[in-house]
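Engineer: Output the structure for:
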Amino acid sequence: MIRFLVCLCAGAAAAGPAAAQDWAKARLEKSPRHGEWVKVKHGDREVTSFVVYPEVKDKATAVVVIHEIFGLTDWVRSVADQLAEAGFIAIAPDLLSGAGPKGGGTDSFKGEEVRKAIMGLPPDQVTADLNAAAHYAWKLPACNGKVTVAGFCWGGGQSFRFATNSKAIKGAFVFYGAMTEKDQEAGVTKIAAPVYAFYGGNDARINATIPKTTEAMKAASKTYDPVTYEGAGHGFMRAGEAPDANPANKKARDEAWKRWTELLKKV
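Structural biologist: Have a look, this model is predicted:
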């Protein structure tokens, strides 16, 4: 299952190395919001996670942010910060926690080692990590009891998979990620939350999975609302924020962000 998703997302590297995110790091450093590192525990496992709180009066909806195949990068943490800026609690777990050298996480890997490590993650461990992160967010005094999940590329596929494994989430937001064949055949019937998807028009590999996903979701009477942003490539949410973003990716990122936050407000 994990290997299937990785093959579909392997082309994400073409969008630029995750290491080249100085602009995302600079944005984080200037943020006035409260972000903190926490250890989310389940069983004998600890998952290092980045949590950011919005500056709002009332309790807020939470979003579990699932990183790309590049791991928990500065850009992913920046997305969490931007969600908090928009009024939501965001928690971004490092799913490579403990998998790196000397028990480290994403930042302990070099180059292609990150992608190879993610390819080796046990699917059930990923689900357990996400469940723990969702439960942590749900218990926060600042949370209104509503928790959603969102992911990018590899994380987008994991958003779909998590939707088949959790009855608690109130929405799944899939950014250019594919539902696995196994989930199409069996897991789709377990989905309880609406699934909203975001795709780049110039992403034939991932977009080739949309018809079967649409068919499977419709057959199971599940909500699946995909939107394709013409001219945008795979990874447009990150690429569209970069200083050298092309017009199509930037436009797609801005439109997708608006759609995402407006949907979150309706959860």
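Engineer: and the closest residue to residue 253 other than its chain neighbours, what pLDDT?
Structural biologist: Sequence neighbours aside, residue 240 is the residue nearest to residue 253 in space, at 2.7 Å (criterion: Cβ to Cβ, 6 or more residues apart in numbering). Just so you know, the C-beta spots here come from the backbone N, C-alpha and C atoms, and that holds for glycine as well. Per-residue confidence for residue 240 comes out at a pLDDT of 98.
Engineer: what's the neighbour count on residue 240?
Structural biologist: With neighbours defined by other Cβ atoms under 10 Å, the count for residue 240 comes to 25.
Engineer: which ones are touching it?
Structural biologist: By Cβ atoms under 8 Å, 6 or more residues apart in numbering, the contact set of residue 240 is 232, 249, 250, 251, 252, 253, 254.
Engineer: Could you export these to JSON lines, including columns for neighbour count, pLDDT and distance to residue 204?
Structural biologist: Below are the contacts of residue 240 laid out as JSON lines (neighbours: other Cβ atoms under 10 Å; pLDDT from 0 to 100; distance: Cβ to Cβ, whole Å):
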{"residue": "232", "neighbour count": "28", "pLDDT": "98", "distance to residue 204": "13"}
{"residue": "249", "neighbour count": "26", "pLDDT": "98", "distance to residue 204": "16"}
{"residue": "250", "neighbour count": "16", "pLDDT": "98", "distance to residue 204": "21"}
{"residue": "251", "neighbour count": "17", "pLDDT": "98", "distance to residue 204": "20"}
{"residue": "252", "neighbour count": "28", "pLDDT": "98", "distance to residue 204": "16"}
{"residue": "253", "neighbour count": "23", "pLDDT": "98", "distance to residue 204": "20"}
{"residue": "254", "neighbour count": "13", "pLDDT": "98", "distance to residue 204": "23"}
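Engineer: Just these: which are in strands?
Structural biologist: residue 232 (DSSP state E).
Engineer: Tabulate the contacts of residue 240 in TSV, adding columns for distance to residue 214.
Structural biologist: As requested, these are arranged in TSV below (distance: Cβ to Cβ, whole Å):
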residue	distance to residue 214
232	19
249	24
250	27
251	24
252	20
253	24
254	25
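Engineer: Give the buried residues for the helix or strand residue 117 falls within.
Structural biologist: Assigning secondary structure by DSSP states H and E places residue 117 in helix 113-119. Of all the residues in helix 113-119, those buried under the rule 16 or more other Cβ atoms under 10 Å are 114, 115, 117, 118.
Engineer: Remind me what the longest helix that the chain contains packs against, helices and strands.
Structural biologist: Counting by DSSP state H, the longest helix found in the chain is helix 247-265. When contacts are defined as 3 or more Cβ pairs under 8 Å, 6 or more residues apart in numbering; DSSP states H and E, helix 247-265 packs onto strand 172-175, strand 195-202, strand 224-233, helix 236-239.
Engineer: try 6 Å
Structural biologist: Using 3 or more Cβ pairs under 6 Å, 6 or more residues apart in numbering; DSSP states H and E as the contact criterion, the secondary-structure elements in contact with helix 247-265 are strand 224-233, helix 236-239.
Engineer: Pick the most buried one from those.
Structural biologist: Between these, helix 236-239 has the highest mean count of neighbours, a mean of 27, where neighbours are mean count of other Cβ atoms under 10 Å.
Engineer: quick check: mean pLDDT across the helix or strand containing residue 81?
Structural biologist: When elements are defined using DSSP H and E, residue 81 is found to belong to helix 74-85. Helix 74-85 shows a mean pLDDT of 98.
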